[in-house]
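**Student:** kindly generate the corresponding structure for this input.
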Amino acid sequence: MFGAVQMCSARRRSISESRKKQISAAAMPDYAARRANRCPSRPVGEPCHDSQLTNLAMVRGTSNLWVVRGDHVFREHDRLRYIYILRRGVLKCYTISVDGEEQVLAFLSPGDVAGIEALGGGLQTSNAVALTDSELRRLPVADLAHPYSHNPALHGMALDASSREIQRLQSMLKMTRLPAEQRIATFLLNQALRLGNQAEPTLAFSLFMTRGDIGRFLGLAVETVSRMFTRLQAVGCIIIDHNMVELVDIDRLREAARGPQQTVDLVAVGT
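**Tutor:** Next comes the predicted model:
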């Protein structure tokens, strides 16, 4: 074990300053840079054509919204006026329990939609806070009341976003039954899939959320999250340095995510 820890320390030191800059640049979610792989009206990893983005951007009444790190896009119980397409940055969606505990529902990246789950009730059902400086496109909810022929792009996006929300909930239900190591491995693989695609995951990225955020998302104590990161590093799956992660053996990480009974399918939504 001591030898493994020494090996991991040496590997961690191998992340040079130039490599850190490369990881930071690659990890900063940029809608324009990834629009070939992500868009609101296409499943994760499938092509998104510029004409579709233009149609969404030109919908009547839409506008851009910029938020700085730490600011909220909306809060629970706010009146629902818009749904939001994230163009750049990272958002955290969360609720506060009656006991005052924060429960993280999702981490949103470029192409994801925020606020769609509130369409049925007219009030926001969660909080959305920016983990980085972020840019969003606001789409007026009033347009969803129009016939489909008036705005097929917006309605198609809303239906796809609803479908992805259902997939996210199903994926989370599966993950809550997994051991801690499988949850962490699955989380890291999902991050890689969301920043890349199914065919070519991103192997180096930054985690803009805290260990506590990850624990509240996965239902784990922060100490368990840190311990699982250390374990995955010790067996050679990853190199982690503060918030920077490099997947050095993605096949072994996939094995860790599957576990002995291969009980979970990776779904690159909502993480």
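**Student:** shouldn't Phe229 be in contact with Asp241?
**Tutor:** No: here Phe229 lies out of contact with Asp241, judged by CB atoms under 8 Å, at a distance of 10.7 Å. C-beta: built from backbone N, CA, C; applies to glycine.
**Student:** quick one, which of the two is more surrounded?
**Tutor:** In terms of neighbours (other CB atoms under 10 Å), Phe229 is the more surrounded of Phe229 and Asp241; the figures are 19 against 16.
**Student:** element containing that one?
**Tutor:** According to DSSP states H and E, Phe229 maps onto helix 222-234.
**Student:** just the CA atoms of that helix, as CSV, please.
**Tutor:** Output for helix 222-234, consisting of C-alpha atoms alone and laid out as CSV, is shown next (Å, rounded to 0.1, in the frame of the first residue of the first chain):
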residue,chain,number,x,y,z
VAL,A,222,-17.4,14.4,1.8
GLU,A,223,-14.8,12.2,3.5
THR,A,224,-16.0,9.2,1.5
VAL,A,225,-15.7,11.2,-1.8
SER,A,226,-12.1,12.2,-0.9
ARG,A,227,-11.3,8.6,0.1
MET,A,228,-12.7,7.2,-3.2
PHE,A,229,-10.7,9.7,-5.2
THR,A,230,-7.6,8.6,-3.4
ARG,A,231,-8.4,4.9,-4.0
LEU,A,232,-9.0,5.4,-7.7
GLN,A,233,-5.7,7.2,-7.9
ALA,A,234,-3.9,4.5,-6.0
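**Student:** ok, the next helix or strand after it: who's next to it in the sheet?
**Tutor:** The element immediately downstream of helix 222-234 (helix or strand, assigned by DSSP H and E) is strand 238-241. Using DSSP bridges, the neighbouring strands of strand 238-241 in the sheet come out as strand 244-247 (antiparallel).
**Student:** what is the helix or strand immediately after the partner strand in the chain packed up against?
**Tutor:** Counting by DSSP H and E, the element after strand 244-247 in chain order, helix or strand, is helix 250-258. Under the contact definition 3 or more CB pairs under 8 Å, 6 or more residues apart in numbering; DSSP states H and E, helix 250-258 sits against helix 180-195.
**Student:** quick check: angle from the helix it packs on to helix 250-258?
**Tutor:** 130 degrees (axes from the mean of the first three to the mean of the last three CA atoms, to 10 degrees).
**Student:** and the next helix or strand past helix 180-195?
**Tutor:** Next element after helix 180-195 (DSSP H and E): strand 204-206.
**Student:** average pLDDT for that following strand, rounded please.
**Tutor:** Looking at strand 204-206 alone, the average pLDDT works out to 92.
**Student:** give me the helices and strands touching the helix or strand just after that strand, please.
**Tutor:** Note on strand 204-206: by DSSP H and E, the next helix or strand toward the C-terminus is helix 211-218. Packing partners of helix 211-218 (3+ CB pairs under 8 Å, 6+ apart): strand 102-108, helix 180-195, helix 222-234.
**Student:** report the angle between the axes of helix 211-218 and helix 180-195?
**Tutor:** Taking the same axes, to 10 degrees, one finds helix 211-218 and helix 180-195 inclined to each other by 100 degrees.
**Student:** strand 102-108 and helix 211-218, what's the angle between them?
**Tutor:** Computed by the same axes, to 10 degrees, the angle between helix 211-218 and strand 102-108 is 90 degrees.
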